[in-house]
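[1] coords below, sequence missing:
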């Protein structure tokens, strides 16, 4: 962060501050600086902190449950007091919206937090606007999936008053003012360049904001004919002329596009015609990755190629038709799938689960509905511990207290930058550069709930986890990277056998659940057959009657259960193999015992097989 001071024609750097991770957004907080010539800033950071900076000094860094994508000043409380209080609003990549109170000097008090259960889309913009005209500022939230939400806030907390899927593309900006009516309108901009205005309708209740007025709609504001409604001002002659000019320009654009299509039917495109924005985010609740791709044009299809196995997750059939090709290891095609969009959409989200320990590259080829046909490739790395989500280091250490953990110490003649680079090849969300002489990070496995802590300095790195599989993966990858760079290292291991049984007990609820679904799926078809021949099935046990009664719900879970069950079996097998590798230094010769215990699942039998 640079703070420049302009004096006449001269620009000087007044303050400079470096965050530990990327700054996603920034807002100024006037009246809080101790030095009148300085400025207090709030920095929304990727590493789940909001850093409050006074000049070049950080005065507070409250931790937030998610990468912070946006932050804005809501209002001041007691501005004229000796120590005024500022209210901040923030949004996260994990869909949370929250409030913070900041007093001069850096004292922090958390406010309310909103968790919308109906969406997991990240927040792209947030603002405080009196939309409902009740004298109290409302919180307006714009999301990356194109949704807009309005929350009214009272003494009992925030309440959702309005929610609308405004468009199916990323909202890039949010503002307010008198745009199309005499009321305070909400104005949003989208990635494809559209401007959409929403106006409050008196007495409309929860449907307070009517159909948006778009700069590209065939009717509405932004250069279209529209009927004057109550509460709207009449257009002036200049505005009508401007609307007419815009319509003429759009007709010319359409004509030029048609000429281009006609002239390029037999041509080969040599230049890209569109820009792609993309992100791959870990969904912590479902323990899967979401790949979001967006362009300015309608997407025809996306071809997904991966050299590592991916487990596809559920996808709305109305969004895309999926066609998969059988894997071909010789061609390094672990996954080859085509997603053909059903409707004209500029954004598509693909969900899948990775297998930890396997790493490689995902390539996505994006093909828009244009002529001549062009494609752009985007590539994304799959890290060995790709299902691990970042968390606060102190919280991670606290969670490890009292449970059996395994410790990996690596010492040698390496720099802090070198070991930081090795760690970044193993774990997601590692900052690109080191800002201090010591690094501490905490991670949680989204599927297994195991905890990993990393702390390293020049010449020494320590990794602690209750999962032997996690420790094994870190050991193998770091060793490979050190060997590749000819760095001499010494590895010290402290493995607790009890940690293996601790992990099995943590996995038990999932094992019991998915093995139960697998058993019920085999029974359901037979029970349906019996029911088709028997009018009264009261002679069946309560368990069998419950299976029949919940048949529809069970069918939905059955579609996913085989993949989840195979994924769980793989985790258990890896746990056994890694236990043997770390404790005995050799691969196990009796892994078939674990396979048999999984085939005829009973948790006590599985536990005995591990012993």
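    Sure thing, it's come through. These numbers were taken from a predicted model, which means no experiment stands behind them.
[2] Helix, strand, or coil at residue 524?
    At residue 524, secondary structure determined by DSSP: H, G, I helix; E, B strand; the rest coil is helix.
[3] number of nearby residues for it?
    18 (other C-beta atoms under 10 Å). For the C-beta atoms, the positions are set from N, CA and C on the backbone; glycine is no exception.
[4] Go through stretch 429-449 and flag the buried ones.
    429-431, 434, 439-448 (16 or more other C-beta atoms under 10 Å).
[5] What of stretch 115-132?
    Within stretch 115-132, the residues that count as buried by 16+ other C-beta under 10 Å are 116, 119-129, 131-132.
[6] Of those, just say which sits nearest to residue 200.
    Of all the buried residues of stretch 115-132, the one with the least separation from residue 200 (C-beta to C-beta) is residue 131, at 5.4 Å.
[7] Quick check: which helices or strands does the one helix or strand residue 530 maps to pack against?
    Using DSSP states H and E, residue 530 sits within helix 498-533. If contacts are counted by 3 or more C-beta pairs under 8 Å, 6 or more residues apart in numbering; DSSP states H and E, helix 498-533 sits against helix 468-484, helix 542-549, helix 551-584, helix 603-610.
[8] Report the buried residues of the first one.
    Within helix 468-484, the residues that qualify as buried are 468, 469, 470, 471, 472, 473, 474, 475, 477, 478, 481, 482, counting by 16+ other C-beta under 10 Å.
[9] roughly how far apart are residue 179 and residue 424?
    45 Å (C-beta to C-beta, to the nearest Å).
[10] before we move on, the earlier item: can you put the buried residues of helix 468-484 in JSON lines and add pLDDT and distance to residue 96?
    Output for the buried residues of helix 468-484, formatted as JSON lines (pLDDT from 0 to 100; distance: C-beta to C-beta, whole Å):
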{"residue": "468", "pLDDT": "95", "distance to residue 96": "33"}
{"residue": "469", "pLDDT": "95", "distance to residue 96": "30"}
{"residue": "470", "pLDDT": "95", "distance to residue 96": "27"}
{"residue": "471", "pLDDT": "96", "distance to residue 96": "31"}
{"residue": "472", "pLDDT": "95", "distance to residue 96": "34"}
{"residue": "473", "pLDDT": "96", "distance to residue 96": "30"}
{"residue": "474", "pLDDT": "95", "distance to residue 96": "29"}
{"residue": "475", "pLDDT": "95", "distance to residue 96": "35"}
{"residue": "477", "pLDDT": "94", "distance to residue 96": "32"}
{"residue": "478", "pLDDT": "94", "distance to residue 96": "33"}
{"residue": "481", "pLDDT": "92", "distance to residue 96": "35"}
{"residue": "482", "pLDDT": "92", "distance to residue 96": "38"}
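[11] Closest to residue 199 out of those residues?
    When these are compared against residue 199 (criterion: C-beta to C-beta), the nearest one is residue 470, at 52.6 Å.
[12] residues contacting the closest residue to the closest one other than its chain neighbours?
    Distance criterion C-beta to C-beta, 6 or more residues apart in numbering; nearest residue to residue 470, sequence neighbours excluded, is residue 452 at 5.4 Å. Contact analysis of residue 452 by C-beta atoms under 8 Å, 6 or more residues apart in numbering lists 385, 388, 396, 427, 442-445, 463-465, 467, 470, 474.
[13] Tell me if residue 452 really is in a helix.
    No - judged by three-state DSSP, residue 452 forms no part of a helix; its state is strand.
[14] Provide the partner residues of it in its beta bridges.
    residue 443, residue 465 (DSSP bridges).
[15] related to what we said a few turns ago, how about the buried residues of helix 468-484 in JSON lines, adding distance to residue 366?
    Shown next, in JSON lines, are those (distance: C-beta to C-beta, whole Å):
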{"residue": "468", "distance to residue 366": "40"}
{"residue": "469", "distance to residue 366": "35"}
{"residue": "470", "distance to residue 366": "34"}
{"residue": "471", "distance to residue 366": "38"}
{"residue": "472", "distance to residue 366": "36"}
{"residue": "473", "distance to residue 366": "31"}
{"residue": "474", "distance to residue 366": "34"}
{"residue": "475", "distance to residue 366": "37"}
{"residue": "477", "distance to residue 366": "30"}
{"residue": "478", "distance to residue 366": "35"}
{"residue": "481", "distance to residue 366": "32"}
{"residue": "482", "distance to residue 366": "37"}
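[16] burial count for residue 574?
    There are 18 residues near residue 574, going by other C-beta under 10 Å.
[17] The chain should start at 874 in everything you say after this.
    Sure thing, new numbering starts at 874, so read that last one as residue 1447.
[18] nearest residue to it other than its sequence neighbours?
    residue 1342 (5.1 Å).
[19] Quickly name whichever of the buried residues of stretch 988-1005 is closest to residue 1016.
    For these, the nearest to residue 1016 is residue 994 (4.3 Å; C-beta to C-beta).
[20] Dihedrals phi and psi, the residue nearest to that closest one when sequence neighbours are not counted?
    Using C-beta to C-beta, 6+ apart and skipping the chain neighbours, the partner closest in space to residue 994 is residue 1018 (3.8 Å). Main-chain dihedrals, residue 1018, degrees, to the nearest 10: phi -90, psi 10.
[21] Perfect, I'm done here.
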